[in-house]
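Colleague: I'd like to go over a predicted model; first the sequence, then the structure.
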Amino acid sequence: MTWADFYLICFAVGFLFSVFSFLTGALHLHGDWSHFHFHTGGHAPTGHAGGGHAGPGAADGGHGAVQISPVNIFTIAMFLAWFGGAGYLLSRYSTIVFALALTISIAVGLVGASLVFLFLSRVLMSGDENLDPADFEMVGVLGRISSSIRAGGTGEIIYSQAGTRRTCGARSEEGGAIARGDEVIVTRYEKGIAYVRRWEEMTAESDQANPSSASN
């Protein structure tokens, strides 16, 4: 086997594994060097009905939990691809000595791996690292009924949180019916369901409890 064949094999292994990683959408590395866990789809909390919304506990799981090592499967794959590609081209289409070609190939591979690591750490993972659990606290959220709640039944609310418009399954805290379009406030959140009360009722009770502030 010639050096050109060796470089070509390195390129093929690195390239194919990189493609496979993007297609599967997940990479896992559990070893002595590092612990790396990356999902291209992300798991930022959402507010869709049926349990899709992630409350404070779920947000805690993504906050600062991911540590990316410079040496992981993805950067290794990129190194092999760039190293093999550069080495193959130099060995087949240049007349430079073997040692210089090998040095250049290693340098090119390191550059490629470094660029990929910077992309992962600064672009793809930055949103997860900056998640604040307080941004996804449901209790106290003000929303509007988008699908009416029947007595003892489940409807849906629409609200804004963390700069995003979201929806969530909702039930009346007191068990009564709440019409579509009514403004409500979330009093508790359990198993993907927001328990709500009308905003008008909450403000009326507050005024009764503090008559001095209501008169002002």
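Modeller: Perfect, I can see it now. All of these numbers come straight from a predicted model, not from anything done at the bench. Numbering: from 1, shown residues only.
Colleague: Could you give me the buried positions within stretch 183-199?
Modeller: For stretch 183-199, burial by neighbour count (16 or more other Cβ atoms under 10 Å) applies to 183-187, 189, 192-198. In this view, the C-beta of every residue, glycine as well, is placed from N, C-alpha and C.
Colleague: Okay, and which of these map to strands?
Modeller: 183-187, 189, 193-198 (DSSP state E).
Colleague: Out of the residues you listed, the closest to F83 would be?
Modeller: Y189 (50.8 Å; Cβ to Cβ).
Colleague: partner residues bridging that closest one?
Modeller: A194 (DSSP bridges).
Colleague: hang on, it packs against G143?
Modeller: No - counting by Cβ atoms under 8 Å, Y189 does not reach G143; the two are 11.7 Å apart.
Colleague: returning to that earlier point: Throw the ones in strands among the buried residues of stretch 183-199 into JSON lines and include pLDDT and distance to S172, thanks.
Modeller: As requested, those are arranged in JSON lines below (pLDDT from 0 to 100; distance: Cβ to Cβ, whole Å):
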{"residue": "E183", "pLDDT": "91", "distance to S172": "14"}
{"residue": "V184", "pLDDT": "91", "distance to S172": "9"}
{"residue": "I185", "pLDDT": "90", "distance to S172": "12"}
{"residue": "V186", "pLDDT": "90", "distance to S172": "12"}
{"residue": "T187", "pLDDT": "89", "distance to S172": "10"}
{"residue": "Y189", "pLDDT": "90", "distance to S172": "14"}
{"residue": "I193", "pLDDT": "90", "distance to S172": "11"}
{"residue": "A194", "pLDDT": "90", "distance to S172": "10"}
{"residue": "Y195", "pLDDT": "92", "distance to S172": "7"}
{"residue": "V196", "pLDDT": "92", "distance to S172": "7"}
{"residue": "R197", "pLDDT": "90", "distance to S172": "7"}
{"residue": "R198", "pLDDT": "90", "distance to S172": "9"}
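Colleague: Report the two of these separated the most.
Modeller: E183 and I193 (18.5 Å).
Colleague: List the contacts of the nearest residue to I178 once chain neighbours are set aside.
Modeller: Spatial nearest neighbour of I178, excluding adjacent residues (Cβ to Cβ, 6 or more residues apart in numbering): I149 at 4.3 Å. The neighbourhood of I149, defined by Cβ atoms under 8 Å, 6 or more residues apart in numbering, consists of 155, 170-172, 177-178, 196.
Colleague: returning to that earlier point: closest to G163 among the buried residues of stretch 183-199?
Modeller: For the buried residues of stretch 183-199, the nearest to G163 is V186 (18.0 Å; Cβ to Cβ).
Colleague: for the protein, what spans make up the helices?
Modeller: Applying DSSP state H to the chain gives helices spanning 3-24, 56-62, 73-93, 98-119, 126-129, 199-209, 211-215.
Colleague: S160: which of these is closest?
Modeller: That would be helix 199-209 among the helices of the chain, by Cβ to Cβ, at 14.7 Å.
Colleague: and the chain, what are its domains?
Modeller: Per automatic domain parsing, the structural domains of the chain span 3-133, 138-215.
Colleague: Lowest mean pLDDT across those, which one is that?
Modeller: If those are sorted by mean pLDDT, domain 3-133 sits at the bottom with a mean of 68.
Colleague: I'd say E174 and R197 touch.
Modeller: Yes - checked against Cβ under 8 Å, the pair E174 and R197 is within contact range at 6.8 Å.
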